[in-house]
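Q: Let me see the structure of the following:
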Amino acid sequence: MQVFNHVASSIKWAVVAAFKFAAVLSLVFSAWFWLENPDGLVRDIYGGVATTRWDLLSDNIVSWFVPTFIYSTIFAFALRCGIVIYRFGVMQRQAASRHSRF
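A: Numbering: from 1, shown residues only. The predicted structure follows:
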C-alpha cells in the first residue's frame with residue numbers, strides 16, 4: 001500500500017510540474033512567435049488597425065504545450081521515482097548501519 005501511495009504522489013507531482021513547465025514554455029515561445037511575426041503571419045495592419053490572428057497564435061500555443069506536457073510528464077515521473085528509490089536506499093543503509101553497530 002505504501003508503494004501505491006508513492007506512485008500516486010509521484011504521478012500527481014509529475015503532472016503538476018509538467019503542466020507548469022509546459023505552460024511557461026508554450027507561452028514564452030508563442031510570445032516570441034508573435035513578436036517576431038514571420039512574414040506578417042500573426043500580426044498585420046488592415047485599414048490602419050493592427051490585428052492579431054488568434055487562431056494561428058492559439059494553434060502555436062497548443063502545438064508547443066501538448067508535446068512538451070507529455071514528454072515533461074514522463075521525464076518528471078521518472079525523476080521523481082528515481083528520487084523516491086534513492087531515498088529508500090539511503091534509509092535502508094542507515095537502518096542497516098544502526099543495527100550493525102550493536
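Q: Show me where the chain has its helices.
A: For the chain, the helices defined by DSSP state H occupy 2-36, 54-101.
Q: Worst mean pLDDT among those helices?
A: Of all the helices of the chain, mean pLDDT reaches its minimum on helix 54-101 (a mean of 89).
Q: helices or strands next to that helix in the packing?
A: Packing partners of helix 54-101 (3 or more CB pairs under 8 Å, 6 or more residues apart in numbering; DSSP states H and E): helix 2-36. In this view, the C-beta of every residue, glycine as well, is placed from N, C-alpha and C.
Q: tell me, what residue is most central in the chain?
A: By CA atoms, centre = their mean, the chain has its centre lying nearest to Ala18, at 2.2 Å.
Q: Now do the contacts for the residue nearest to Asn37 when sequence neighbours are not counted.
A: Spatial nearest neighbour of Asn37, chain neighbours left out: Arg43 (5.0 Å); criterion: CB to CB, 6 or more residues apart in numbering. By CB atoms under 8 Å, 6 or more residues apart in numbering, the residues touching Arg43 are 34, 37, 50-53.
Q: would CSV of the residues you listed with distance to Asp59 and neighbour count be doable?
A: Converted to CSV, those look like this (distance: CB to CB, whole Å; neighbours: other CB atoms under 10 Å):
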residue, distance to Asp59, neighbour count
Trp34, 12, 16
Asn37, 15, 12
Ala50, 20, 8
Thr51, 16, 11
Thr52, 13, 12
Arg53, 9, 14
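Q: Any chance of CSV for the residues you listed, columns distance to Arg93?
A: Formatted as CSV, the contacts of Arg43 follow (distance: CB to CB, whole Å):
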residue, distance to Arg93
Trp34, 52
Asn37, 57
Ala50, 63
Thr51, 64
Thr52, 58
Arg53, 59
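Q: how near is the residue lying closest to Phe33 once chain neighbours are set aside to Phe75?
A: In space, and not counting its chain neighbours, Phe33 is closest to Asn60: 5.3 Å by CB to CB, 6+ apart. Remark: distance between Asn60 and Phe75 (CB to CB, to the nearest Å) = 23 Å.
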